[in-house]
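Novice: no sequence on hand, only this structure:
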């Protein structure tokens, strides 16, 4: 389905093999000053959650997106004939986390689940104060999210996806959705969508891949029992734009983090339970690359970690900026078991200084 208007171009595709309907939309929108200010405040605490945003699954999808962007050819190597346009994509800067887009995306995943439908636009006229209600006072159900408390568009028409993102302070440029809450599966549904596109450029059957690998600016991923990705303006540059572990807990988990700077890092480590685990460059270049390490013996109990890189000038950059992420326990905690990792006496700066 393709609809063209002065502000909206929507393309949807049904993936019969995977039995998931996955849709994407792209819009033209102006930059919201309010969203920029909000994202700046959030990025002063880079990697730390804001009111529970992001969660573990959302961190994973963001990291997978940025990992793919540093070396699209490596990421698309397993896509085969389903991706005839794979040679069109080249390395690109990472997308930056936006709290506004994260908030909007997770709300949409919840309204899809709670209201039992699958589309970009809302099923009703969403209440104007949804940003302050969700998720504490409203879980996405029609009784609290919809004007009149029911899934009806009689009260002023249904809220479009662009208008819904704007209610959360976001300035949207595109959206992708998938009917699964598994972050790895959702990401590869989008990236490996079956396409017949022979030429480079956006098409009805490659729009998910195109948004992931060519968008610029910010992104917010919302994962509950469904997955939504909202692309748009927002986010503030940080040398470690994303990081996560996968799977959520197992005897061994892979730790991934991206680095983006004019020069490669002098050191790259994951600090797991106060122990340094050296990371190596797996994708891309030293300046724009995805680094990885494996944490073993973490199949039970709580294990806390953070990423510690040292930039070319000897400054330690950590992700999250303070505190630690969790394997088998709370996604983030203010506590951190520090380790020097044999680094050359780095100074510690918060996100606002980079």
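Specialist: Thanks, I have it. Given the structure is predicted, the values throughout are model-derived calculations rather than measurements.
Novice: for residue 48, give me its contacts.
Specialist: By Cβ atoms under 8 Å, 6 or more residues apart in numbering, the residues touching residue 48 are 320-323, 332. Every residue, glycine included, has its C-beta placed from N, CA and C.
Novice: please disregard the earlier target; I meant residue 227.
Specialist: Contacts of residue 227 by Cβ under 8 Å, 6+ apart are 57, 61, 109, 177-178, 180-181, 183, 186, 221.
Novice: go again using 7 Å as the cut-off
Specialist: Residues near residue 227 by Cβ atoms under 7 Å, 6 or more residues apart in numbering: 109, 177-178, 180-181, 186.
Novice: farthest-separated two in those residues?
Specialist: 177 and 181 (11.9 Å; Cβ to Cβ).
Novice: pick out whichever of those two has more residues nearby.
Specialist: Using other Cβ atoms under 10 Å, the more surrounded residue of residue 177 and residue 181 is residue 177, with 29 against 15.
Novice: ok, the more buried one touching residue 228?
Specialist: Yes - look at residue 177 against residue 228 with Cβ atoms under 7 Å: they come within range, at 5.0 Å.
Novice: and for the residue lying closest to residue 251 once chain neighbours are set aside, the neighbour number?
Specialist: Nearest residue to residue 251 in three dimensions, chain neighbours excluded: residue 299, at 3.8 Å (Cβ to Cβ, 6 or more residues apart in numbering). Using other Cβ under 10 Å, residue 299 has 13 other residues around it.
Novice: if I look at residue 299, how far off is residue 249?
Specialist: Note on residue 299: its distance to residue 249, by Cβ to Cβ, to the nearest Å, is 7 Å.
Novice: what about the helices in the stretch 101-250 of the chain?
Specialist: 130-133, 142-145, 161-167, 183-191, 207-214 (DSSP state H, counting those that start in this stretch).
Novice: ok, which of those helices comes nearest residue 241?
Specialist: helix 207-214 (14.5 Å).
Novice: what is that closest one packed up against?
Specialist: With contacts defined as 3 or more Cβ pairs under 7 Å, 6 or more residues apart in numbering; DSSP states H and E, helix 207-214 has these neighbours: strand 20-27, helix 56-70, strand 172-178, helix 183-191.
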